[in-house]
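Participant: Sequence and predicted structure below; questions after.
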Amino acid sequence: MAKNLLIVESPAKAKTIEKILGSDYEVKSCYGHIRDLAKEDMGIDMKDHYKPKYIVSDDKQKVVKELKALAKKSTDVWLATDEDREGEAISWHLCEVLGLDPYQTKRIVFHEITKPAIQKAVSNPRFVNMDLVNAQQARRILDRIVGFELSPVLWRKMSMRNNLSAGRVQSVAVRLIVERERDINHFTPTSSFKVEAFFSAEDLNKKKVTFKADGQDRIKLAADAETYLEKCKGATYTVKDVQVKPAKKSPSAPFTTSTLQQEASRKLGYSVSKTMLLAQKLYENGHITYMRTDSVNLSDTALESAREAITTQYGEKYHQQRVFKNKNESAQEAHEAIRPTNMSVTAAGDADTSRLYELIWKRTMASQMADAQLERTIAKIGISSQPEPLTATGEVLRFDGFLKVYTEGKDDEDEGEEADGMLPPLTAGQVLDMQRMQATERFTRPQPRYTEASLVKKLEELGIGRPSTYAPTISTIQQRGYVEKRDKEGTKREYLVLSLKNDAIEKIKESENSGAEKNKIFPTDLGMVVTDFLKEHFNKVMDYDFTANIEAEFDRIAEGNQEWSKMIDDFYHPFHERVTDTIENAARAKGEHELGVDPETGKPVVARLGRFGPMVQIGSADSEEKPRFAKLRTNQSIETITLEEAMELFRLPRNLGQFEDLDVIVNIGRFGPYAQHNSLFYSLKKEMDPYTVGMDEVAPLIVEKRKAKAESEIKVFEKEKIRILKGPYGPYIKQGLRNYKIPKEKTENPASLTIEEVKAIIEEVKANPPKKTARKKKK
């Protein structure tokens, strides 16, 4: 039996550390948090300084029992959970549950799982830092209070469904997405004309090359653009001035949690949660430093390792040591940036994991490499008939520096003009041959919708959340149905090109695909309605600055500069009063948008949220005649749908005509689009639009599904409407919508079962329903 018991969070981490420490240490995993707040009474004693009531979850009872037994047999217990606040809290919970003194039990932390780092940590143990624990507790308790008090308000005041929830950070994140969507919906593009001229000149090899020069200002009207080109007919084009300036590009800092999430999204297409899952694997297997950090610092060891790798692979001139400073003064717990533990290792793990590791390796290497040296040329080209010159710019890479290894990605909102190419040699006074000039109509664009990467960037800019919260926040708002990640098809838009060539102007109409977006975050109608309600009644909780200030208060608690229960107290009393007032006095949120009047009946047409999602309603519940309802189509919204689009939805149900002398009716039901034929229902395929699908598609579908159904039928009792069917797990009985398992001894020849035997099986299952197997929670 080993004298030392060392406890970590994950089994993978345990295996790696056990190999390093040897037989004197038994390394065991607690599989993350072992305790959480009880559900009963919020899990908080509101009358005793918000004292938390923790319980060990059912799925952790076995783990706790094993750890207790091992702790009793061990001479020393070491706590080696992660170095952030969550990890510190887990260590404290282990002390509480295992009967250890947090002020005496050895606590070790390390940035990386390597032999030197682990041995150094074991040589320098500390005790549990209760300031960090209290900061984590304060976050957990505050978030529990907000969730438990706000969610029931939504259940009472919104008629959609009872699984609505609100959260301190998640609701603010949804607000960002909702406001961006509304900005886009209300945006009106304006057009202007960009002037570009294409010239011919000789390069260094006396070969004719073409280069481009741009007009200084956009021209607002097509008529003015045409006038501009008219004045350029027969003009002379002369180089007025040429400036050649040195320029440089510097590398970005090594990765923090948020910049890694952003770059993995841009370059690899990884979701935030996938990035963190892969980074966790890399860390636990000893390949990278700790992956939840907001520090850009690199240790002296890392700097030296990078220097050796750079000089060995690329030469001394490519190395330039840099020390990066955090812009965010409250960067918590002086972690290191995310970097490889061994710079000589260039690949690690399976394909997806290796791609992420390579990204981290390249970014770390680039951060310690020399600047890229450029030469930028700016030429002013005068037009004899115009007061303003054209500008041609060129850029030449003289020394690639860090660009040899890495180029940072960009978000949609960061993208500018295309990179300038190389200009031919130009001299002042040189007369140029203008081959063609054009004025192209261009439209202003709204800010793009958020990707996961740009949303993380925005949350970090606003100071909302911390490295450990970005991924769960984005996952939660998608799971709750407040936002969705999807593509948007563009629409065809025409634009005008005026072209001057050989002193003749030609007008050309061209088209482009406008507004197409891929893998972006869209708010759902539910997300918009919930956001509006919370903004109206809980404006302080939804305020960006207020949410950021709460994060700053958690930081002060972690630093030992604020008492956590007082911070909760200052928040709770005004918040609780607002909750009480809203429940008693606020009107129910309907999320209704009046669209107009039905031309046929004169009844009002309203788009709103119903129990099963967004819909359109003709008439009101107060009138004698029952209202008519239609479900919105995919990608339609109650905010943007027009009266014409709404009336189109009432074309359902559609009668496609007759098949086998019986009508085929297409409609949308609770479970999606379907076709009805001979009193039977057939779900339409995903690609079939119920508003446009024809008999030529539906008839084969009916035949196909009927055949599949017949093949699955073993025996049918028509009178009792009971069927014995083939299933993937064996034969079963179906009565109405319910299925009944056939006992194993009767499955060999199910066709021989009589109606009496079948009824007996049904009654037996009803009397003794099978126990549902509880799903294991994810670690």
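Facilitator: All right, it came through fine. Numbering: from 1, shown residues only.

Participant: And the pLDDT for the most centrally placed residue in the chain?
Facilitator: Taking C-alpha atoms, centre = their mean, the centroid of the chain lies closest to residue 452, which sits 3.2 Å from it. On pLDDT, residue 452 comes in at 92.

Participant: please begin residue numbering at 98 from this point
Facilitator: In the new count, where the first residue is 98, that last one comes out as residue 549.

Participant: contacting residues for the residue lying closest to it once chain neighbours are set aside?
Facilitator: Take residue 549 and drop its neighbours on the chain: the residue closest to it by C-beta to C-beta, 6 or more residues apart in numbering is residue 369, 4.8 Å away. Every residue, glycine included, has its C-beta placed from N, CA and C. The contact partners of residue 369, taken as C-beta atoms under 8 Å, 6 or more residues apart in numbering, are 358, 362, 549-550, 553, 567-568, 571-572.

Participant: Out of those, who's the most crowded?
Facilitator: Taking other C-beta atoms under 10 Å as the neighbour criterion, residue 358 ranks highest of these with 30 neighbours.

Participant: what's next to the helix or strand where that one lies, contact-wise?
Facilitator: Using DSSP states H and E, residue 358 maps to helix 354-365. Contact with helix 354-365 is made by 349-350, 352, 367-369, 371-373, 376, 388-391, 435, 452-453, 456-457, 460, 505-508, 548-551, 553-554, 556-557, 564-565, 567-568, as judged by C-beta under 8 Å, 6+ apart.

Participant: Give me the buried subset of the residues you listed.
Facilitator: Buried members of those, scored by 16 or more other C-beta atoms under 10 Å, are 349-350, 352, 367-369, 371-373, 376, 388-391, 435, 452-453, 456-457, 460, 505, 508, 548-551, 553-554, 556-557, 564-565, 567-568.

Participant: quick one: contacts for residue 475?
Facilitator: Counting by C-beta under 8 Å, 6+ apart, residue 475 touches 339-340, 342, 488-490.

Participant: How about the secondary structure of it?
Facilitator: Assigned by DSSP: H, G, I helix; E, B strand; the rest coil, the conformation of residue 475 is strand.

Participant: For it, name its beta-bridge partners.
Facilitator: Note on residue 475: beta-bridge partners by DSSP bridges are residue 340, residue 490.

Participant: ok, it to residue 639 distance?
Facilitator: Distance, residue 475 to residue 639, by C-beta to C-beta, to the nearest Å: 47 Å.

Participant: Around the residue lying closest to residue 540 once chain neighbours are set aside, how many other residues sit close by?
Facilitator: Spatial nearest neighbour of residue 540, chain neighbours left out: residue 286 (4.3 Å); criterion: C-beta to C-beta, 6+ apart. Residue 286 has 12 neighbours, counted by other C-beta under 10 Å.

Participant: ok now do residue 286, which residues does it touch?
Facilitator: Residues near residue 286 by C-beta under 8 Å, 6+ apart: 540-543.

Participant: Separate out the buried members of the contacts of residue 475.
Facilitator: The buried subset of those (16+ other C-beta under 10 Å) comprises 339, 489-490.

Participant: Take those residues and write them to CSV, including distance to residue 247 and pLDDT.
Facilitator: As requested, the buried ones among the contacts of residue 475 are arranged in CSV below (distance: C-beta to C-beta, whole Å; pLDDT from 0 to 100):
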residue, distance to residue 247, pLDDT
339, 64, 95
489, 58, 95
490, 54, 94
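
Participant: Might you specify the subset of the contacts of residue 286 located within helices?
Facilitator: Secondary structure assignment (DSSP state H) places none of these within helices.

Participant: Can you add neighbour count and distance to residue 244 and give those back as JSON lines?
Facilitator: JSON lines is the format used below for the contacts of residue 286 (neighbours: other C-beta atoms under 10 Å; distance: C-beta to C-beta, whole Å):
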{"residue": "540", "neighbour count": "12", "distance to residue 244": "43"}
{"residue": "541", "neighbour count": "11", "distance to residue 244": "41"}
{"residue": "542", "neighbour count": "13", "distance to residue 244": "37"}
{"residue": "543", "neighbour count": "15", "distance to residue 244": "33"}
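
Participant: Is it correct that residue 446 falls within a helix?
Facilitator: No. Read with three-state DSSP, residue 446 is coil and lies in no helix.

Participant: which residues of the stretch 698-847 of the chain fall in strands?
Facilitator: 701-707, 710-715, 725-728, 751-756, 759-766, 769-774, 777-780, 810-814, 819-822, 829-832, 835-838 (DSSP state E, counting those that start in this stretch).

Participant: Let me know which of those is the nearest to residue 246.
Facilitator: strand 701-707 (22.8 Å; C-beta to C-beta).

Participant: would you put the C-alpha positions of that closest one in CSV?
Facilitator: Extracted in CSV, the C-alpha atoms of strand 701-707 (Å, rounded to 0.1, in the frame of the first residue of the first chain):
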residue,chain,number,x,y,z
PRO,A,701,-56.8,40.3,-37.1
VAL,A,702,-53.7,38.4,-38.1
VAL,A,703,-51.1,38.0,-35.3
ALA,A,704,-47.7,36.2,-35.2
ARG,A,705,-46.9,34.9,-31.7
LEU,A,706,-45.3,32.1,-29.7
GLY,A,707,-47.5,29.2,-28.9
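
Participant: Packing partners of it?
Facilitator: Where contact means 3 or more C-beta pairs under 8 Å, 6 or more residues apart in numbering; DSSP states H and E, strand 701-707 is packed against helix 622-634, strand 690-694, strand 710-715, helix 740-745.

Participant: With mean neighbour count and distance to residue 395 as added columns, please give those in a markdown table.
Facilitator: Shown next, in a markdown table, are those (neighbours: other C-beta atoms under 10 Å; distance: least, C-beta to C-beta, whole Å):
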| stretch | mean neighbour count | distance to residue 395 |
| --- | --- | --- |
| helix 622-634 | 21 | 40 |
| strand 690-694 | 15 | 53 |
| strand 710-715 | 21 | 50 |
| helix 740-745 | 16 | 56 |
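
Participant: what sits against residue 103?
Facilitator: Contacts of residue 103 by C-beta under 8 Å, 6+ apart are 114, 118, 122-125, 174-177.

Participant: Equivalent analysis for residue 470, please.
Facilitator: Per C-beta under 8 Å, 6+ apart, neighbours of residue 470: 343-345, 494-496, 498.

Participant: ranking those by neighbours, who comes first?
Facilitator: residue 498 (23 neighbours).

Participant: Might you calculate how far the helix ranked longest in the chain sits from the centre of the chain?
Facilitator: Longest helix in the chain, counting residues (DSSP H): helix 227-254. Distance of helix 227-254 from its chain centroid, counting by C-alpha atoms, centre = their mean, to the nearest Å, is 23 Å.

Participant: Could you name the helices and strands sitting against it?
Facilitator: Applying 3+ C-beta pairs under 8 Å, 6+ apart, we find helix 227-254 packed against strand 132-134, strand 141-142, strand 148-149, helix 182-195, helix 622-634, helix 641-655, helix 661-682.

Participant: mind listing what's buried in it?
Facilitator: Buried residues in helix 227-254 (16+ other C-beta under 10 Å): 228-251, 254.

Participant: likewise stretch 392-401?
Facilitator: Judged by neighbour count (16+ other C-beta under 10 Å), stretch 392-401 contains these buried residues: 392-395, 399.

Participant: residue ranges with poor pLDDT in the protein?
Facilitator: Where the chain drops to pLDDT under 70, the residues are 98-99, 256-260, 425-431, 508-517, 868-876.

Participant: any idea how far residue 756 is from the residue nearest to residue 759 when sequence neighbours are not counted?
Facilitator: Distances taken as C-beta to C-beta, 6+ apart place residue 775 nearest to residue 759, at 5.2 Å, with adjacent residues excluded. Separation of residue 775 from residue 756 (C-beta to C-beta): 9 Å.
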